[in-house]
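Engineer: Here is a sequence with its predicted model. Questions after.
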Amino acid sequence: MIHQLTAAIAQLELESFERPWSRNQINDFVISSAAHSVLINAEGQTAGPDDQLVGYALLLVLPAEQATELLRIGVARNKRRQGLGSNIMQHLCAFTLSRFGENGKCFLEVNEKNLPAIKLYESVGFIVRSIRRNYYAGSEHALLMEWVARNRTA
């Protein structure tokens, strides 16, 4: 099962990132005790073992900080603009809330030029906390965003 999951995530990585994680990187992350994965099927529900994976998020769980960090998120190219990204974000916020309660937080970083992603993150309550200047190649900045459970709107 883990090999099928790793292969499915790796395929979505190829569709979603200029520098995708390798299958080994994905496998190492998924089996880590500090990892949590959100896996979504075509109906926007939590994917079961027999479902086709069309979206995912990989979260690092940070108990000492009462937080999670979104490391990777992706949706199959042919399933984009159907609300699945929003669904994944709602799942990860719900996980953070259930794990850490009202003090729970989720962090992420995003390229300032990735406007669709920024709009998605803002739609579920993430706000920009700081900027890492010249973080990406070509002097592009990274926005550091945060979601706080007690400030949630939904």
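Structural biologist: Structure's in. What do you need? Quick caveat, the model's predicted, so the values are computed rather than measured. Residues are numbered from 1 along each chain as shown.

Engineer: Moving C-terminal from the helix or strand encompassing Lys119, which element do we reach first?
Structural biologist: According to DSSP states H and E, Lys119 maps onto helix 115-123. Counting by DSSP H and E, the next helix or strand C-terminal to helix 115-123 is strand 127-136.

Engineer: Can you tell me the element Ala7 falls in?
Structural biologist: Using DSSP H and E, Ala7 falls in helix 2-16.

Engineer: Now do Leu59 against Asp51, distance only.
Structural biologist: Leu59 is 20 Å from Asp51, where distance means C-beta to C-beta, to the nearest Å. Yep, even glycine has a C-beta here, placed from its N, CA and C like the rest.

Engineer: ok, those two, which is more surrounded?
Structural biologist: Leu59 (26 against 15; other C-beta atoms under 10 Å).

Engineer: Now that one, what are its backbone angles?
Structural biologist: Dihedral pair for Leu59: phi -110, psi 140, per degrees, to the nearest 10.

Engineer: which residues touch it?
Structural biologist: Residues in contact with Leu59, defined by C-beta atoms under 8 Å, 6 or more residues apart in numbering, are 35-38, 68-71, 92, 95-96, 106.

Engineer: shaky segments in the protein?
Structural biologist: 1, 153-154 (pLDDT under 70).

Engineer: do that again at 80, thanks
Structural biologist: Scanning the chain for pLDDT under 80 picks out 1-3, 49, 137-138, 152-154.

Engineer: List the buried residues in stretch 143-150.
Structural biologist: 143, 145-149 (16 or more other C-beta atoms under 10 Å).

Engineer: Now flag whichever of those residues is closest to Gly101.
Structural biologist: Ranked by distance to Gly101 (C-beta to C-beta), those are led by Ala149 at 6.8 Å.

Engineer: ok, the residue lying closest to the closest one once chain neighbours are set aside - how many residues close by?
Structural biologist: Counting by C-beta to C-beta, 6 or more residues apart in numbering, Ala149 lies nearest to Gly104, which is 4.2 Å off, once chain neighbours are set aside. Using other C-beta under 10 Å, Gly104 is surrounded by 21 other residues.
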